[in-house]
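Chemist: give me coordinates for this.
(4 chains)
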Number of protein chains: 4
Amino acid sequence: MEAKLTKVAVIGGSGYTGLELIRLIHAHPRLQLTYVTSEQYAGQKIRECYPFISPSINLRYQPLDIKDAFDAADTFFLALPHGISLALTPRLRKKEKIVIDLSADYRLKNLDTYQKIYGKTHSDKALVSQAVYGLPEIYRHQISSSSLIANPGCYATSIILGLIPILKAGLVNNAAPIIADSKSGISGAGRKAEATYLFTECDQNIKPYKIGKHRHVPEIEQELNLIGQSEIHILLTPQLVPIRRGILSNLYIPMRQNSPSMEKIWEIYQEFYHKEPFTLLSPLGSIPCIKDVYLSNFCRLGLTFDQRTNTLVVVSTIDNLLKGAAGQAVQNLNIIMGFDEKMGLSDAAPYP
Amino acid sequence: MEAKLTKVAVIGGSGYTGLELIRLIHAHPRLQLTYVTSEQYAGQKIRECYPFISPSINLRYQPLDIKDAFDAADTFFLALPHGISLALTPRLRKKEKIVIDLSADYRLKNLDTYQKIYGKTHSDKALVSQAVYGLPEIYRHQISSSSLIANPGCYATSIILGLIPILKAGLVNNAAPIIADSKSGISGAGRKAEATYLFTECDQNIKPYKIGKHRHVPEIEQELNLIGQSEIHILLTPQLVPIRRGILSNLYIPMRQNSPSMEKIWEIYQEFYHKEPFTLLSPLGSIPCIKDVYLSNFCRLGLTFDQRTNTLVVVSTIDNLLKGAAGQAVQNLNIIMGFDEKMGLSDAAPYP
Amino acid sequence: MEAKLTKVAVIGGSGYTGLELIRLIHAHPRLQLTYVTSEQYAGQKIRECYPFISPSINLRYQPLDIKDAFDAADTFFLALPHGISLALTPRLRKKEKIVIDLSADYRLKNLDTYQKIYGKTHSDKALVSQAVYGLPEIYRHQISSSSLIANPGCYATSIILGLIPILKAGLVNNAAPIIADSKSGISGAGRKAEATYLFTECDQNIKPYKIGKHRHVPEIEQELNLIGQSEIHILLTPQLVPIRRGILSNLYIPMRQNSPSMEKIWEIYQEFYHKEPFTLLSPLGSIPCIKDVYLSNFCRLGLTFDQRTNTLVVVSTIDNLLKGAAGQAVQNLNIIMGFDEKMGLSDAAPYP
Amino acid sequence: MEAKLTKVAVIGGSGYTGLELIRLIHAHPRLQLTYVTSEQYAGQKIRECYPFISPSINLRYQPLDIKDAFDAADTFFLALPHGISLALTPRLRKKEKIVIDLSADYRLKNLDTYQKIYGKTHSDKALVSQAVYGLPEIYRHQISSSSLIANPGCYATSIILGLIPILKAGLVNNAAPIIADSKSGISGAGRKAEATYLFTECDQNIKPYKIGKHRHVPEIEQELNLIGQSEIHILLTPQLVPIRRGILSNLYIPMRQNSPSMEKIWEIYQEFYHKEPFTLLSPLGSIPCIKDVYLSNFCRLGLTFDQRTNTLVVVSTIDNLLKGAAGQAVQNLNIIMGFDEKMGLSDAAPYP
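Modeler: Residues are numbered from 1 along each chain as shown, chains lettered A, B, ... in the order given. Model prediction:
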């Protein structure tokens, strides 16, 4: 007997994250894609707007209509600009829909911080406190019984996963900052028609921006401070590199005096991650690169301990649209639904 | 009860095509990868040589040993340089193994042509006559009962699929040549460490080569002449473009006087391909591009009829490593085994 | 004694062509850049808007003011969208300014064609008849005594230069069309903030568009028909490739019966071009690629004669922003002013 | 009266640096290229091997012959793998030739360090002590009277220039390391035919390597320690990014307590560099990117002071083949010869 399929909606289905969600849901054996919204393309068949979509998807883009949405699906992925989820989520939760929000709206527990960053009052304190930060490597248990997931940002995912084990081990010297030098593919900016993201401007270029001021830093620090024993400061340099997908973060971690050996540090990470389906530690001496995770849901970590400077360098790399967005969202839904956590998620990167 | 898995070997598993075969076989619900050879990496775990490989593949590369090969598998994909298949295939066939040869060794029916192109006598006339050219769109029936498949070349696949319907319809003016202006991603050259294929040399460049002299032209003309009613000449310009994967061929087809209308021509193609799982015709007015097929097993075709010059322009695009190599090889095996032809083959291109 | 400098204005100085003009004029020993307009950036220093600009350029962008323009310069490069030159040129010519118009406004001699393509009546018949098509390889003499140059389009330059010698020689079979399969870098689209030109959309893609319908075809056919003895039809397939700059056109030319040998055809081209400073013929057997002309003002041509199909294949490649726009514009001004034609124009491509 | 031209040889003229030297020397008004060696291409015309070379260069590659070399030139650029310069330089110096060595052979003052890194005894202590490290921003005076220049490495140039002013000012907290996260274009690896540098492997990838162990670190630390007052440690992460040319280094500098304000730090840098022809400071709030220096001889620096972490972040970017190699070499020769330091060196980056 066939298992019953879970009906799934994608709200905001014409951007890069939305399109990845459509692809993943369609290929997932236990999910059924029933409702996809796009104001821009409302009324058109998805596969006529985007010919790369599976020809067996016959859905049309819908303009968002909350009643239709209620009828169409039980589970909602929100791939919307921040601020819009905030308006929609309470209505969906009132109808007991499962919500996986890929925006920043339910990530920050401190609503003053939200207001400072996004320039508007956060109207939904109650749901913020219920929302679970959707990083299974930390919150798997809470996710499994939650109905509202604040899906992490892509820089945040790559950085937090690279830091958890060493922070938990209490080996970091917090007198000094942790430096995160992160490179992102251009899809991280979404499908925005701005001159900055033109091929002509991005190709043959590397472009750092908002050094120390990226608005996802508070989300990162919030999570790190919940893990570590004292106040962690991250200095983040985001930068655009001429690749389509992928983030690679180099994390420079000042270690306490009498740091354990490289081998011992590696074991700390391995102990922490060896049962994880999607976070993989490279063997000692091996450094991961974006190709190793491209188009998969993996986060790969590689460790180098520089004794001369008593600094641990963690290279952490993900596909920003998968483990950094749509893939992690599906992983979270798998956990909620009690499916195999890897269901519908690729465990191999095509090459080259 | 689980279906029994077919044991599959990849002979030549460290090049781009071999790696794609490994990925596809591993993800295929009815195939089991049991034996992979590489002289260069013999003894090493595949996933330690290539970290992007699924972590659940524990096989090691083997040096080719024919006895081990016989024991290990029933079906063999040969991803070898031309000439080497020729030595191996007769031994595999003698043991009644299924052979899908991705080299050029069993494609040409005329052995003089083979000798002229590859500079050596072809030693295996008997098997050449048994081999079926593995293009399901033409030879599905013969493939289903064959045990030796000559898997088509990538340029050939893109060009032949773009031309079959109009040739069958007898509408081409063969007083003039058909021009194929084909652009290939750099993976078409394999994983060859030559200066020509360096990033520095390929990026920001387009490089035509061997105009009118590419050695796959005889393979293409052989197949076209079996389809069409008279002698077809193809003038092929291959060229390297700075993408990793994908071929896009523009086919310029001189039409007979009193050619039918664009709509009628489109219907001829649609009639021919509408039941095909992997060859898709774009709607009139729409032209496919490489992104539409990237990482899928599709061939997409778009038609433009230029009345001013009485020329039909067919744009034909594939992923050279999938429909142009490994994907088509698996499609052929699906046909032989009686599996769903689409089994294990992606029907969507990830984006962007 | 220093030669007096010619004062030069760039009208429309914030797009890719305008920026190249600024770079070339600034480095030119006999020109002085005195006036640059941009409505968007009016009032700002050019080098603050675009830090890659030479730090010794202290000019600010001006909003276009015709009186200021008259006072500021003797020579005007117009790098404007079509239609706007048409309004400006008569006023500049009335003041006896030299005008080099990089738009399409003065290229078409047949004003009905202009109206059909650009959807508006052409208001300036008198000046159209005075304007010289700025392709020095054909019109050097006329250019030298002209004050209004219609600078050719980039596709047009690459295609016309590849065809002149063989058309002049009367060897083309005009019963069949000439096919131009042209690939253009993304800068050909200008600095337009449209989703089509995003890095994410262009990278790993090749995208044919407007097959047989590009609006520069009439310009190309106009010039070819002035050269050849009878009506030439061009079937042009333009396509976007993931490079920033450069056009490579493959020209397929059906030859008359009893075509001369490859060597003889090569001599015809060599005879035609051997004194040209910027159009270079590759040796027989050698095919040029975009890297060979990148960032130079060269057009390079390579010839292959395919005897099997009686077709001459000419590969013609230029940098679309130099020989295809700003470089050719400066070359034209050099001719008008009586300077060395190569002055200020690079004769080498940096590598890689 | 024409000034007499200085006769210049390029020893090792077929790699990327050699080819850039050829291009620069040929375009330089006071230099004459008289002798270029390549063992691989000996006897062939340079422009037949590399068609992008100026057609007015008629030289052929020569096999290195020391007598011919003596006769041909007064000044020698050595673009050779390390170890080979060591054999050649003493002979050239004995004949009083000016030598600008682009290898690492004369950079390290400590010969034990040389031996440790390069695995061979350094045979030429006398000349090492005479050699001047060719970074004009520090050693202009010494360069002007030297005849043997050890031209800096590309990572080294970008890192040292970003650090000098703040080290000189004594504001760095040397209890903590300086972190250099550096991204290099693939041309940094030279024209090596290795699989690692293939287009297919580099495109859509970022690849850190040799973290904390790059062999140019001792060169960097040697120079920084000559500048600063105490022992500086650099933790360098080099990484390959999919661009052809360019290095961008993010330098994370831990500051002493009571660091001056951002404005004051900016003034320190401005004071140090404002007379430099090729090292430019971006305005406060502006961060340079590789496009701003691509194909120019500039180093551009941008400053951000992160108060939260008391860290100065310097973004330093150069074209690795120009300011990082051939351009700086010509700049050094200009200083030695008493030419205008900018002669023959571009002060603008073409765009896009």
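
Chemist: looking at chain A, which helix is longest?
Modeler: helix A:154-168 (DSSP state H).

Chemist: okay, that helix in CSV with CA atoms only?
Modeler: Output of helix A:154-168 as CSV, limited to C-alpha atoms (Å, rounded to 0.1, in the frame of the first residue of the first chain):
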residue,chain,number,x,y,z
CYS,A,154,23.2,30.4,4.3
TYR,A,155,26.2,32.2,5.8
ALA,A,156,24.9,31.3,9.2
THR,A,157,24.7,27.6,8.4
SER,A,158,28.2,27.4,7.1
ILE,A,159,29.7,29.4,10.0
ILE,A,160,27.7,27.9,12.9
LEU,A,161,28.4,24.3,11.8
GLY,A,162,32.1,25.0,11.6
LEU,A,163,32.2,26.3,15.2
ILE,A,164,29.8,24.3,17.3
PRO,A,165,32.2,21.4,18.4
ILE,A,166,35.1,23.6,19.4
LEU,A,167,32.9,26.0,21.2
LYS,A,168,31.1,23.2,23.1
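
Chemist: mind listing what's buried in it?
Modeler: Within helix A:154-168, the residues scored as buried using 16 or more other C-beta atoms under 10 Å in any protein chain shown are A:154-167. For the C-beta atoms, the positions are set from N, CA and C on the backbone; glycine is no exception.

Chemist: same deal with stretch A:339-352?
Modeler: For stretch A:339-352, burial by neighbour count (16+ other C-beta under 10 Å) applies to A:339, A:341, A:344-352.

Chemist: now, which of these sits nearest chain C?
Modeler: Relative to chain C, the closest of the buried residues of stretch A:339-352 is A:Pro352; by C-beta to the nearest C-beta it sits at 11.1 Å.

Chemist: quick check: closest non-adjacent residue to that closest one.
Modeler: Spatial nearest neighbour of A:Pro352, chain neighbours left out: D:Thr200 (3.9 Å); criterion: C-beta to C-beta, 6 or more residues apart in numbering or on different chains.

Chemist: in contact with that neighbour: list those residues for me.
Modeler: Applying C-beta atoms under 8 Å, 6 or more residues apart in numbering or on different chains, we find D:Thr200 in contact with A:352, B:16, B:185-187, B:191, B:197, B:244.

Chemist: out of those residues, what pair is the most spread apart?
Modeler: B:Gly185 and B:Arg191 (13.0 Å; C-beta to C-beta).

Chemist: compare those two (neighbour count), which wins?
Modeler: The residue with more neighbours, out of B:Gly185 and B:Arg191, is B:Gly185; 29 against 18, by other C-beta atoms under 10 Å in any protein chain shown.

Chemist: how close does the more buried one sit to C:Cys299?
Modeler: B:Gly185 is 27 Å from C:Cys299, where distance means C-beta to C-beta, to the nearest Å.

Chemist: dihedrals phi and psi, A:Glu231?
Modeler: The phi and psi values for A:Glu231, taken as degrees, to the nearest 10, are phi -70, psi 120.

Chemist: pretty sure it is touching A:Ile178, no?
Modeler: No - contact criterion C-beta atoms under 8 Å: A:Glu231 and A:Ile178 do not qualify, at 11.4 Å.

Chemist: higher neighbour count, those two?
Modeler: Neighbour count, other C-beta under 10 Å: between A:Glu231 and A:Ile178, A:Ile178 has more, with 28 against 9.

Chemist: so who does the more buried one touch?
Modeler: Contact analysis of A:Ile178 by C-beta under 8 Å, 6+ apart lists A:163, A:172, A:232-235, A:251-254.

Chemist: could those residues go into TSV alongside distance to chain B and secondary structure?
Modeler: TSV is the format used below for the contacts of A:Ile178 (distance: C-beta to the nearest C-beta, whole Å; DSSP: H, G, I helix; E, B strand; the rest coil):
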residue	distance to chain B	secondary structure
A:Leu163	22	helix
A:Val172	27	strand
A:Ile232	29	coil
A:His233	32	coil
A:Ile234	27	strand
A:Leu235	29	strand
A:Leu251	19	strand
A:Tyr252	23	strand
A:Ile253	23	strand
A:Pro254	28	strand
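
Chemist: now the strands for the stretch 1-150 of chain A?
Modeler: Under the criterion DSSP state E, counting those that start in this stretch, strands of the stretch 1-150 of chain A are mapped to A:6-11, A:31-37, A:75-78, A:98-101, A:132-133, A:148-150.

Chemist: mean neighbour count, distance to chain D and mean pLDDT for these - can I get that in CSV?
Modeler: Below are the strands of the stretch 1-150 of chain A laid out as CSV (neighbours: other C-beta atoms under 10 Å in any protein chain shown; distance: least, C-beta to the nearest C-beta, whole Å; pLDDT from 0 to 100):
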stretch, mean neighbour count, distance to chain D, mean pLDDT
strand A:6-11, 24, 26, 98
strand A:31-37, 22, 28, 98
strand A:75-78, 26, 26, 98
strand A:98-101, 25, 28, 98
strand A:132-133, 22, 23, 98
strand A:148-150, 25, 24, 98
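
Chemist: residues of the stretch 151-300 of chain A that sit close to chain D?
Modeler: Counting by C-beta under 8 Å from any C-beta of the partner chain, the stretch 151-300 of chain A comes close to chain D at A:176-177, A:179, A:181, A:183, A:200-201, A:203-209, A:211-212, A:233, A:235, A:237, A:239, A:241-246, A:248, A:250, A:252, A:254, A:287, A:289-291, A:294.

Chemist: could you redo the last one with a cut-off of 6 Å?
Modeler: When proximity is defined by C-beta under 6 Å from any C-beta of the partner chain, the stretch 151-300 of chain A lies next to chain D at A:176-177, A:179, A:181, A:183, A:200, A:204-208, A:211-212, A:233, A:235, A:237, A:241-243, A:248, A:250, A:252, A:287, A:289-291.

Chemist: which of these are buried?
Modeler: Neighbour-count burial (16+ other C-beta under 10 Å) applied to these gives A:176-177, A:179, A:181, A:183, A:200, A:204-208, A:211-212, A:233, A:235, A:237, A:241-243, A:248, A:250, A:252, A:287, A:289-291.

Chemist: which ones among the residues you listed map onto helices?
Modeler: With DSSP H as the criterion, helices contain A:Thr200 from among these.

Chemist: buried stuff in stretch A:186-199?
Modeler: Residues A:186-191, A:197-199 are the ones in stretch A:186-199 that count as buried (16+ other C-beta under 10 Å).

Chemist: what about chain C: which of those residues touch it?
Modeler: Within the set of the buried residues of stretch A:186-199, contact with chain C (C-beta under 6 Å from any C-beta) is found for A:186-187, A:197-199.

Chemist: check contacts around A:Arg256.
Modeler: For A:Arg256, the contact set (C-beta atoms under 6 Å, 6 or more residues apart in numbering or on different chains) comprises A:171, A:173.

Chemist: same check on A:Lys95?
Modeler: Counting by C-beta under 6 Å, 6+ apart, A:Lys95 touches A:Phe70.

Chemist: how close does it get to C:Ala169?
Modeler: Separation of A:Lys95 from C:Ala169 (C-beta to C-beta) stands at 78 Å.

Chemist: please apply the same query to A:Ile220.
Modeler: Taking C-beta to C-beta as the measure, A:Ile220 falls 69 Å from C:Ala169.

Chemist: these two: who's more crowded?
Modeler: A:Ile220 (25 against 17).

Chemist: quick one: A:Ile227 and A:Leu167 touch, right?
Modeler: Yes - judged on C-beta atoms under 6 Å, A:Ile227 makes contact with A:Leu167 at a distance of 5.0 Å.

Chemist: what residues sit buried inside the helix or strand harbouring A:Trp266?
Modeler: A:Trp266 belongs to helix A:262-273 when elements are defined using DSSP states H and E. By neighbour count with 16+ other C-beta under 10 Å, helix A:262-273 contains the buried residues A:262, A:265-269, A:272-273.
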